[in-house]
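J.: Just the structure for this:
(2 chains)
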2 protein chains.
Amino acid sequence: MEPTTSLQLLSLVKEPGELEVSLKRIPVAAPKPDEVVVRIEGTPLNPSDLGLLFGAADMGTARQSGTQDQPVVIATIPPERMPAMASRLGQPMPVGNEGAGTVVSAGDSEEAQALLGKKVAVLGGAMYTQYRTVKAKACLVLPPGATAAEGASCFVNPLTSQGMVETMRMEGHKALVHTAAASNLGQMLNRICIADKVGLVNIVRSQAQADLLRGQGAAHVCNSGAPTFMEDLTEALVATGATIAFDAVGGGPLAGQILGCMETAANRTAKEYSRYGSAVHKQVYIYGNLETAPSTLTRNYGMAWGVGGWYLTPFLQRIGREGQQKLRARVVAELKTTFASHYAKEISLAEALTLAGIAAYNKRSTGEKFLINPNKGPALPT
Amino acid sequence: MEPTTSLQLLSLVKEPGELEVSLKRIPVAAPKPDEVVVRIEGTPLNPSDLGLLFGAADMGTARQSGTQDQPVVIATIPPERMPAMASRLGQPMPVGNEGAGTVVSAGDSEEAQALLGKKVAVLGGAMYTQYRTVKAKACLVLPPGATAAEGASCFVNPLTSQGMVETMRMEGHKALVHTAAASNLGQMLNRICIADKVGLVNIVRSQAQADLLRGQGAAHVCNSGAPTFMEDLTEALVATGATIAFDAVGGGPLAGQILGCMETAANRTAKEYSRYGSAVHKQVYIYGNLETAPSTLTRNYGMAWGVGGWYLTPFLQRIGREGQQKLRARVVAELKTTFASHYAKEISLAEALTLAGIAAYNKRSTGEKFLINPNKGPALPT
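T.: Here you go, the predicted model:
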């Protein structure tokens, strides 16, 4: 039977200073000839989703409203953070970059019909919903036997981790550095680099995270909490020749420390003094914001350096459709190995809107990723 | 008569913690067939020269030594700055990026012979000397009637200012921002942008500097000391569409403020909210170090941004020989207009090594550029 309505999670900056997150029952769009309807059975809470979900609200102020089946969460947005939210004021925003599930209805085209009953993964936003109508060509068919949970994170982390290695190659570097490297994404990147024989310097913030990555075969792990961090990092940079870094931390001195150690490593082999520093270009791309303080750059690493933002969408545009297909094919082929994701817990849409649920998944702690199953749990009211 | 010796300025990190600047009598290399000997009659003290001349020394500790004709200056290098100086320890370094003078001797080749007696400008380092042997093809013949003083700054500022406009074009921007914009370089850039009808936002640090640039026809001048600076800058960015900046200041919040105002300007016309900020790439290139404090980046300008080092040499390599010829031809054609430089004072090599001289030219104040004439003054001892 064709689903006609779907519970949809919406994030709304309702008025200046107030965020409301709620569930709304919306009609399911009937599929056009080239479209299918996917019953979403797994959709992860990625850091990038949390950014859209809670915006600039202070979630310490969150309070529960609504009913148990249709909960509402209200939180305060500090006045100084409102300018960044001005352009989403009054617009209810659906959330959820990616997800996976079963094709339950299909348009008339051959391409769409071929997907009926298949388990597929989709990247396209608005995935925190029970049913989602999408283009057939946007669907990635999961390998036989794969569950929706296994396919739920087919895009963001697998394409981002491959995107880092591809960016390294495209920009002429031979090895790379990654921070917050014990994350789901970092473990994935570590597996790619081992398989592809690419030098990787993992920066983590605790001995436990260092042990975790070493246990997964990482050759170079530096603990930024250790007193020997700068020396350790320099040695790892000399050993690998890494001159590009992807940084999830963003704030504080870390990006600049990486550039400084890269410069020291480059000068190890320099034959003569150059007032402009090493001619080797050193690059740090900031792709996350775990530390919201300003980044401080001491600029004691010559003139051949760059720091900038990096994220997936412009990278995918840069490599074009053919490049994207290559990366996607690898995700399908290595879904249960290289690109395996692990979830601390699977929750329903309603559970995602409880204060206890938010407190748990909004910690963003390493290895504590949550999965929403919008079709989980007791039947929700229609 | 062929000169056989030349007084040469040398900067030496003599031992850890000590800088020595002195004049040494060196032999003049006889010209090979494709070379000429230039009597240097004007060579500027650019900020980039000062960086090599004094290195990381604290010039507040400078003390005079040597004789009146062959003075020596000694200064202390603070221990924490020695790591950056390690690779020049024990190597006497000649100084002076560019200069101009008369060809007094030439090799046998037609190209070299054609330059005999001509006034030429040269880029090539080690110009703080009386006679310099260089490749004939490195010489830029000055237009008839031009003096060595007029030709002394043919390269660094004229190529840097043109390089900024070319980089803007090559990287797809349509207007640019410049900081410390009342400098010799900034005034030159202002003249180029007026001639080429390129939008330019000048950032200065005082009302006097703003008046100076406005008096030279600058349409957009923002005073970073004014309480309305951020609003003024945003309006100028909206008016010009500038999305790339060249920053001589380096430290403090300025680079990040420019990115923030660029983002605000870009979002003025945005139709819908994007969690990643405006898709317009915003770039700040730091090419100077007037403020040595760390640069602080608050990263509240989306993900499409970059900050990096910029300097002339890699830019010239990037545009190749043909591109360079085009820029040089314009310098010669517009030497007395667009690319005119002004000097506060002309000094001898010996005067450059007096404490009073250093105190004056090392201030690096706007409009206070000094010119060395190594062949000026009383005959120096041989």
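J.: Close to chain B: what parts of the stretch 51-200 of chain A are there?
T.: Neighbours of chain B within the stretch 51-200 of chain A, by CB under 8 Å from any CB of the partner chain: A:Gly51, A:Leu52, A:Ala84, A:Ser87, A:Arg88, A:Gln91, A:Met93. (Glycine included, C-beta is placed from N, CA and C.)
J.: which residues of the stretch 51-200 of chain A fall in helices?
T.: Listed in chain order, the helices of the stretch 51-200 of chain A (DSSP state H, counting those that start in this stretch) span A:110-113, A:148-151, A:156-170, A:184-196.
J.: How far off centre is the first one?
T.: The gap between the average C-alpha position of helix A:110-113 and the chain average comes to 30 Å, counting by CA atoms, centre = their mean, to the nearest Å.
J.: any idea which element A:Ser22 lies in?
T.: Taking DSSP states H and E as the criterion, A:Ser22 maps to strand A:18-27.
J.: so what strands line up beside that strand?
T.: Here strand A:18-27 has these sheet partners by DSSP bridges: strand A:5-15 (antiparallel), strand A:71-76 (antiparallel).
J.: Of all those strands, which one is nearest A:Tyr128?
T.: strand A:5-15 (3.8 Å; CB to CB).
J.: I would like the residues contacting that closest one, please.
T.: Here strand A:5-15 makes contact (CB atoms under 8 Å, 6 or more residues apart in numbering or on different chains) with A:19-28, A:52-55, A:77, A:85, A:88-96, A:126, A:128-132, A:349, A:352-353, A:374, A:380, A:382.
J.: coming back round to it: switch the strands paired with strand A:18-27 over to CSV; also include distance to A:Ala138, mean neighbour count and mean pLDDT.
T.: CSV is the format used below for these (distance: least, CB to CB, whole Å; neighbours: other CB atoms under 10 Å in any protein chain shown; pLDDT from 0 to 100):
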stretch, distance to A:Ala138, mean neighbour count, mean pLDDT
strand A:5-15, 17, 19, 95
strand A:71-76, 30, 18, 96
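J.: Export those strands as JSON lines, with columns for distance to A:Arg321.
T.: Below are the strands paired with strand A:18-27 laid out as JSON lines (distance: least, CB to CB, whole Å):
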{"stretch": "strand A:5-15", "distance to A:Arg321": "29"}
{"stretch": "strand A:71-76", "distance to A:Arg321": "39"}
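J.: about what we covered before: tell me what angle the helix or strand following the strand holding A:Ser22 forms with strand A:5-15.
T.: Downstream of strand A:18-27, the first helix or strand assigned by DSSP H and E is strand A:35-44. If you take axes from the mean of the first three to the mean of the last three CA atoms, to 10 degrees, strand A:35-44 sits at 60 degrees to strand A:5-15.
J.: re earlier: out of the helices of the stretch 51-200 of chain A, which is closest to A:Cys222?
T.: Relative to A:Cys222, the nearest member of the helices of the stretch 51-200 of chain A by CB to CB is helix A:184-196, separated by 12.8 Å.
J.: list the helices and strands that closest one packs on?
T.: The contact analysis (3 or more CB pairs under 8 Å, 6 or more residues apart in numbering or on different chains; DSSP states H and E) places helix A:184-196 against helix A:156-170, strand A:175-179, strand A:199-204, helix A:207-215.
J.: let's see 10 Å
T.: Packing partners of helix A:184-196 (3 or more CB pairs under 10 Å, 6 or more residues apart in numbering or on different chains; DSSP states H and E): helix A:156-170, strand A:175-179, strand A:199-204, helix A:207-215, strand A:244-247.
J.: Which phi and psi values does the closest residue to chain B within the stretch 101-250 of chain A adopt?
T.: As assessed by CB to the nearest CB, chain B sits closest to A:Gly250 within the stretch 101-250 of chain A, at 6.0 Å. In terms of degrees, to the nearest 10, the main-chain angles of A:Gly250 are phi 80, psi -70.
J.: surely it meets A:Trp310?
T.: No: between A:Gly250 and A:Trp310 there is no contact under CB atoms under 10 Å: 11.1 Å.
J.: intersection of neighbour lists for those two?
T.: Common neighbours of A:Gly250 and A:Trp310, counting by CB atoms under 10 Å, 6 or more residues apart in numbering or on different chains, are A:Ile286, A:Tyr287, A:Gly288.
J.: The closest residue to A:Asn223 other than its chain neighbours - how many residues pack around it?
T.: Take A:Asn223 and drop its neighbours on the chain: the residue closest to it by CB to CB, 6 or more residues apart in numbering or on different chains is A:Ala210, 5.1 Å away. For A:Ala210, the neighbour count with other CB atoms under 10 Å in any protein chain shown is 21.
J.: show me the contacts for A:Ala210.
T.: By CB under 10 Å, 6+ apart, the contact list for A:Ala210 reads A:Ala181, A:Ala182, A:Asn202, A:Ile203, A:Val204, A:Ala218, A:Val221, A:Cys222, A:Asn223, A:Gly225, A:Ala226.
J.: would JSON lines of these with neighbour count be doable?
T.: Shown next, in JSON lines, are the contacts of A:Ala210 (neighbours: other CB atoms under 10 Å in any protein chain shown):
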{"residue": "A:Ala181", "neighbour count": "28"}
{"residue": "A:Ala182", "neighbour count": "25"}
{"residue": "A:Asn202", "neighbour count": "28"}
{"residue": "A:Ile203", "neighbour count": "29"}
{"residue": "A:Val204", "neighbour count": "27"}
{"residue": "A:Ala218", "neighbour count": "24"}
{"residue": "A:Val221", "neighbour count": "23"}
{"residue": "A:Cys222", "neighbour count": "26"}
{"residue": "A:Asn223", "neighbour count": "20"}
{"residue": "A:Gly225", "neighbour count": "12"}
{"residue": "A:Ala226", "neighbour count": "16"}
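J.: and those residues as CSV, adding pLDDT?
T.: Formatted as CSV, those follow (pLDDT from 0 to 100):
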residue, pLDDT
A:Ala181, 96
A:Ala182, 94
A:Asn202, 98
A:Ile203, 98
A:Val204, 97
A:Ala218, 98
A:Val221, 98
A:Cys222, 98
A:Asn223, 98
A:Gly225, 94
A:Ala226, 96
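J.: Pull the most distant pair out of the residues you listed.
T.: Greatest spatial distance in the contacts of A:Ala210: A:Ala218 and A:Gly225, 16.9 Å, computed using CB to CB.
J.: Which residue comes closest to A:Ser206 once chain neighbours are left out?
T.: Closest residue to A:Ser206 apart from its sequence neighbours, by CB to CB, 6+ apart: A:Gly225 at 6.3 Å.
J.: how close does that neighbour sit to A:Ala182?
T.: Going from A:Gly225 to A:Ala182 by CB to CB, to the nearest Å gives 13 Å.
J.: Common neighbours of these two, please.
T.: In the contact map built from CB under 10 Å, 6+ apart, the residues linked to both A:Gly225 and A:Ala182 are A:Val204, A:Arg205, A:Ser206, A:Gln209, A:Ala210.
J.: Run through the neighbouring helices and strands of the helix or strand bottoming out on mean pLDDT in chain A.
T.: Least confident helix or strand, chain A: helix A:47-54 with a mean of 90, by mean pLDDT, DSSP states H and E. Helices and strands touching helix A:47-54, by 3+ CB pairs under 10 Å, 6+ apart, are strand A:5-15, strand A:18-27, strand A:58-66, strand A:71-76, strand A:93-94, helix A:156-170, helix A:355-361.
J.: Would you mind checking the average pLDDT for the shortest one?
T.: In this case it means strand A:93-94. The average pLDDT for strand A:93-94 rounds to 96.
J.: That strand packs against which elements?
T.: With contacts defined as 3+ CB pairs under 10 Å, 6+ apart, the packing partners of strand A:93-94 are strand A:5-15, strand A:18-27, helix A:47-54.
J.: Next, the buried residues of the second one.
T.: Buried residues in strand A:18-27, defined by neighbour count with 16 or more other CB atoms under 10 Å in any protein chain shown: A:Leu19, A:Glu20, A:Val21, A:Ser22, A:Leu23, A:Ile26.
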